[in-house]
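Enquirer: Output the structure for:
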Amino acid sequence: PPFEAQVEPFYIDACPVTNEKYAEFLQATGHAEPKFWRNAELNGPQQPVVGVTWADAQAYAAWAGKQLLTEVQWEFAARGKANRRYPWGVQEPDQTRANYGDYLNMPSIVTMHEDGMTPEGIYDLAGNVHEWTADLLLPYEPQRRQAAIRAGEVRRVVRGGSWHSPAAELRSASRKGVFPESQLATLGFRCGLPARNTEK
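Expert: Numbering: from 1, shown residues only. Below is the predicted model of the structure:
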């Protein structure tokens, strides 16, 4: 259901984290390679890294001096002040705007779909790869939210749809829950940072 949320100013990466950027993290830290790291269809330098768990994404963000986005931050970036249905506006998805519906059968280069970029210059908030967020998958309604917390909900919210998704998953409001240990060829992440941390 619709609800209002206050969003403090923040920075967001223009693109999902790429294999090239993730390789720098692996080399610097000795962190274990993600699943699919050596798959030729998924490991292009400018493709988004996939096969990362939620903990992997958290570790990269910490190394980079950044954070995973909250669900509210992610949705605000996709909707903008105009409350857009899709990151680019109101037009229905097509192959010029997003990588979805198995039309490529793999992740695309992160800057490939310029027509799907937000007016603020953010790529791939719809399609290509689902993106981990910092938040648990909890209902928006306060009573149901507390019940889910008491029940021990462990799934994390992913946003944005993927190269395998139907068009409905590309909406700015669409959300899914994924177990944090999942390693999927359709799932990556991007980072952000509160605007007050200007030294970063």
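
Enquirer: For the rest of this, base every contact and every neighbour count on C-alpha atoms.
Expert: Fine.

Enquirer: can you tell me how far R190 sits from L104?
Expert: Shown here: R190 relative to L104, a distance of 21 Å by CA to CA, to the nearest Å.

Enquirer: how about the helices of the chain, start to end?
Expert: Along the chain, counting by DSSP state H, helices occupy 19-29, 54-63, 71-79, 142-150.

Enquirer: Tell me the buried residues in the last one?
Expert: Read it as helix 142-150. A148 (16 or more other CA atoms under 10 Å).

Enquirer: who's more crowded, R190 and L104?
Expert: More neighbours surround R190 than the other of R190 and L104, with 26 against 13 (other CA atoms under 10 Å).

Enquirer: Please list all residues in contact with the more buried one.
Expert: By CA atoms under 8 Å, 6 or more residues apart in numbering, the residues touching R190 are 12-13, 15-17, 68-69, 131-132.

Enquirer: So what's the predicted local confidence for it?
Expert: Model confidence at R190, given as pLDDT, is 98.

Enquirer: How about R144?
Expert: Looking at R144, the pLDDT reads 84.

Enquirer: quick one: strands adjacent to the longest strand anywhere in the chain?
Expert: Taking DSSP state E as the criterion, the chain has its longest strand at strand 130-136. Counting by DSSP bridges, the strands paired with strand 130-136 are strand 156-159 (antiparallel), strand 187-188 (parallel).

Enquirer: what angle sits between the helix or strand bottoming out on mean pLDDT in the chain and strand 130-136?
Expert: Every helix and strand of the chain was ranked by mean pLDDT, DSSP states H and E. The lowest is helix 142-150, at a mean of 83. Calculated by axes from the mean of the first three to the mean of the last three CA atoms, to 10 degrees, helix 142-150 forms an angle of 90 degrees with strand 130-136.
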